[in-house]
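**Q** Here's my sequence, what's the structure:
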Amino acid sequence: MQPISSLSKVDLLHRAKSFYFSLGVEDGASSLCRWNFKYGLAKIHYAQEQLGKEPNATFISTPDETISRNKIRWQNGYGYGGKLTWGDDKDPLIFIDTKPNACGMLVGGLETLPEPSEIIQNINKIIQKEVFIDNIQIQWDFKKGNHFIDVFEIEKNYSESTKYPNYMFVIHGSVPELRQKTEKGPGLYYDKSPDLRDICKKIETPFGPILYLDGTDAKEFMEFFKYAHWYAAEKRKKAAEMLFGKIEVISNPMHQGLVTYGELLLGSQHITEDPKKLFPVALRSDLPMYIVSALPNLNSEQIMNLGFEERAKKNNVYHHLANFNVVPHGGGYLLSHINRVTDVLEIDGMRYFICEQENEEAITIFSDVAETQFSYRGKKVVNKIEDLQLGKMELKLKPKFVLKI
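**A** Next comes the predicted model:
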């Protein structure tokens, strides 16, 4: 077989495209994800071959397939909404420029509906306090990015009987306090932690450098990431208790981070062996949120019906699809002014996406998608979860109020 390092850039991207399996809803944001991810996969494939591995990194998107608004992650060639797989749980190799951060959402139950003013007062009190978990001071991120607090009421006619409280809330957050080096580890983000960057190894590819950890460094980072995963979940729980008092934790999964050495969630939630575990799917703030029980996916019939079987077997990645086992965590970013990507320009190491607008006589060109206008998708993502049999809708939650302060 011809070494991929001998391929042209065009052929490398064409090859990478065959390792991308889309379950997206087909719009401008999903088109951008697919185009950008070709570069990320091509870089990983190139690095895998240089490291003596089979160049078979695979991305399988979820219905919320979209852009990443983390500028560096996007520039590195990655989108959002799905699972990236490059190895197995026994091979200590981590491509660190994917920027795992242990972000997740906690869904909690409440017996009574709180007053918004009360929660705002609690938030203002909390952010002025020094609160610690395991001797690390919490950095509250209620006011940053797309992190938020929503309160819902269960829609009674969605399920004839329910064992859950009448009201639920969701808290979305990660661990900025662990992005830099602490006594617990080297930090999560190489662009925030000089100590992490110092231990990263680099391979130059035709599409720019790729950073990775292997051997003992990868093992130590994985132990640190497991700690960050635990800390993030505890932080969301601590925030919920300080905001609402007594709560019932319904769900508290991660949707952005490492599952194993060779598996990374990008805006998706991994199914465990617990059939009772529930997962939130949060859409726009003015739409219901859904609580789903995940179904093992993808099965052989689904893979065949989606038209993936032949390509997956040809690329020797069928096992990646057969062990997908994730559900989306939300609707994903919607770029309503973008229809699709028509081409990409590479100038001075930067990618410029040429995008068709609704007005076909005009185009949009940009490199940093974080700077473009966006909203969030709605019900069509939930419909596709059901159509693909990725999960079963257990509860529908009607929004009562949203706090984005």
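**Q** from here on, contacts and neighbour counts on C-alpha atoms
**A** Noted.
**Q** the bottom helix or strand of this structure by mean pLDDT?
**A** Every helix and strand in the chain was compared by mean pLDDT, DSSP states H and E; the lowest is helix 116-126, with a mean of 88.
**Q** Check the offset of the helix or strand that that helix is followed by from the chain's centre.
**A** Downstream of helix 116-126, the next assigned helix or strand under DSSP states H and E is strand 132-133. Centroid separation between strand 132-133 and its chain, computed with C-alpha atoms, centre = their mean, to the nearest Å, is 26 Å.
**Q** again with stretch 312-323
**A** The answer for stretch 312-323 is 21 Å, by C-alpha atoms, centre = their mean.
**Q** Need the contact partners of it.
**A** Contact with stretch 312-323 is made by 18, 19, 56, 58, 60, 85, 297, 298, 299, 300, 303, 309, as judged by C-alpha atoms under 8 Å, 6 or more residues apart in numbering.
**Q** mind running it again at 7 Å?
**A** If you take C-alpha atoms under 7 Å, 6 or more residues apart in numbering as the criterion, stretch 312-323 is touched by 297, 298, 299.
**Q** Residue 151 touches residue 398, doesn't it?
**A** No. Using C-alpha atoms under 7 Å, residue 151 is not in contact with residue 398, being 8.5 Å away.
**Q** Which of the two has more residues huddled nearby?
**A** For residue 151 versus residue 398, the count of surrounding residues by other C-alpha atoms under 10 Å is larger for residue 151: 24 against 19.
**Q** any idea which of the contacts of stretch 312-323 is closest to residue 389?
**A** Ranked by distance to residue 389 (C-alpha to C-alpha), the contacts of stretch 312-323 are led by residue 297 at 7.7 Å.
**Q** How about the contacts made by residue 336?
**A** Residues near residue 336 by C-alpha under 7 Å, 6+ apart: none.
**Q** Sticking with it, tell me its helix or strand.
**A** Per DSSP H and E, there is no helix or strand for residue 336.
**Q** thinking again about what came up before, the contacts of stretch 312-323, buried ones only, as a PyMOL selection?
**A** One line in PyMOL is enough to select the buried ones among the contacts of stretch 312-323; burial here means 16 or more other C-alpha atoms under 10 Å:
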select buried, resi 297+298
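**Q** Please compute how far stretch 198-218 lies from its chain's middle.
**A** For stretch 198-218 - counting by C-alpha atoms, centre = their mean - the centre lies 21 Å from the chain centre.
**Q** Equivalent analysis for stretch 392-401, please.
**A** On C-alpha atoms, centre = their mean, the centre of stretch 392-401 falls 21 Å from that of its chain.
**Q** Look at the residue nearest to residue 29 when sequence neighbours are not counted and say how many residues are nearby.
**A** Leaving aside its chain neighbours, residue 29 sits nearest to residue 66 (4.8 Å; criterion: C-alpha to C-alpha, 6 or more residues apart in numbering). Per other C-alpha under 10 Å, the neighbour tally for residue 66 reads 30.
**Q** List the buried residues for the lengthiest strand in the chain?
**A** Ordering each strand of the chain by length in residues (DSSP state E) puts strand 391-403 first. Neighbour-count burial for strand 391-403, counted by 16+ other C-alpha under 10 Å, picks out 391, 392, 393, 395, 396, 397, 398, 399, 400, 401, 402, 403.
**Q** So which of these is the closest to residue 139?
**A** Nearest to residue 139 among these: residue 403, at 18.1 Å, using C-alpha to C-alpha.
**Q** circling back to that earlier point, I'd like to know which of the contacts of stretch 312-323 is nearest to residue 43.
**A** Using C-alpha to C-alpha, the contacts of stretch 312-323 come closest to residue 43 at residue 298, 26.2 Å.
**Q** Next up, the contacts around the closest one.
**A** Going by C-alpha under 7 Å, 6+ apart, residue 298 touches 321, 322, 323, 324, 325.
**Q** Tell me the one among those nearest to residue 278.
**A** Ranking the contacts of residue 298 by separation from residue 278, with C-alpha to C-alpha as the measure, puts residue 325 on top at 13.6 Å.
**Q** before we move on, the earlier item: distance of the residue nearest to residue 29 relative to residue 330?
**A** Distance of residue 66 to residue 330, computed by C-alpha to C-alpha, to the nearest Å: 11 Å.
**Q** Need the overlap of contacts for those two.
**A** With C-alpha under 7 Å, 6+ apart as the test, residue 66 and residue 330 reach no residue in common.
**Q** Assign a three-state SS to residue 228, would you?
**A** helix (DSSP: H, G, I helix; E, B strand; the rest coil).
**Q** got it, and residue 221?
**A** Relying on three-state DSSP, one would call residue 221 helix.
**Q** Okay, it and residue 287: tell me how far apart.
**A** According to C-alpha to C-alpha, residue 221 stands 38 Å off from residue 287.
**Q** for residue 391, same thing?
**A** For residue 391, the distance to residue 287 - C-alpha to C-alpha - is 19 Å.
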